[in-house]
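S.K.: My questions are about this predicted structure, shown below with the sequence.
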Amino acid sequence: AQLVESGGGLVQPGGSLRLSCAASGFTFDGYAVSWYRQAPGKEREWVATLAGAGDTTNYADSMLGRVTISKDNAKDTVYLQMSSLKPEDTAVYYCNAYSYDGVRDQWGRGTQVTVSS
């Protein structure tokens, strides 16, 4: 079982990116799925979560209004749509799937996002 992130890259300030997190070997049923990021020299910080039967979403204040987390159940993929990107958004972005029963806490290997002109 693994999570594979993709979609990172170099983008200019004010630009947009869509990150993907694909599950392999399991499905997202029964999981809260989150995105985190870690900038150089900083601790990993939470960005957004999608969880619950109603796919409730929550966002960090630092990115509220600039990101949207969504899920495609048919593809077992969770997305993070980011817009109005700033240089301080530069980081490695990680996907996490945490099972409601506490049995699995799965992390991906991350995808690099660089915001620079």
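M.R.: Structure received.
S.K.: drop to CA atoms for contacts and neighbour counts, all remaining ones
M.R.: Will do.
S.K.: Okay, strands next: where are they in the chain?
M.R.: When assigned using DSSP state E, the strands of the chain occupy the ranges 2-6, 9-11, 17-24, 31-38, 45-51, 56-59, 67-72, 77-82, 91-99, 105-107, 111-115.
S.K.: Including mean pLDDT, could those go into CSV?
M.R.: Formatted as CSV, the strands of the chain follow (pLDDT from 0 to 100):
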stretch, mean pLDDT
strand 2-6, 96
strand 9-11, 98
strand 17-24, 97
strand 31-38, 97
strand 45-51, 97
strand 56-59, 96
strand 67-72, 96
strand 77-82, 98
strand 91-99, 97
strand 105-107, 96
strand 111-115, 98
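S.K.: okay, these in JSON lines with mean neighbour count next?
M.R.: JSON lines is the format used below for those (neighbours: other Cα atoms under 10 Å):
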{"stretch": "strand 2-6", "mean neighbour count": "19"}
{"stretch": "strand 9-11", "mean neighbour count": "15"}
{"stretch": "strand 17-24", "mean neighbour count": "20"}
{"stretch": "strand 31-38", "mean neighbour count": "22"}
{"stretch": "strand 45-51", "mean neighbour count": "20"}
{"stretch": "strand 56-59", "mean neighbour count": "16"}
{"stretch": "strand 67-72", "mean neighbour count": "19"}
{"stretch": "strand 77-82", "mean neighbour count": "21"}
{"stretch": "strand 91-99", "mean neighbour count": "22"}
{"stretch": "strand 105-107", "mean neighbour count": "16"}
{"stretch": "strand 111-115", "mean neighbour count": "21"}
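S.K.: Who is the closest residue to residue 59 other than its chain neighbours paired with across the strands?
M.R.: Ranked by Cα to Cα, 6 or more residues apart in numbering and with sequence neighbours excluded, the top spatial neighbour of residue 59 is residue 48, at 4.3 Å. Listed by DSSP bridges, the beta-bridge partners for residue 48 are residue 35, residue 59.
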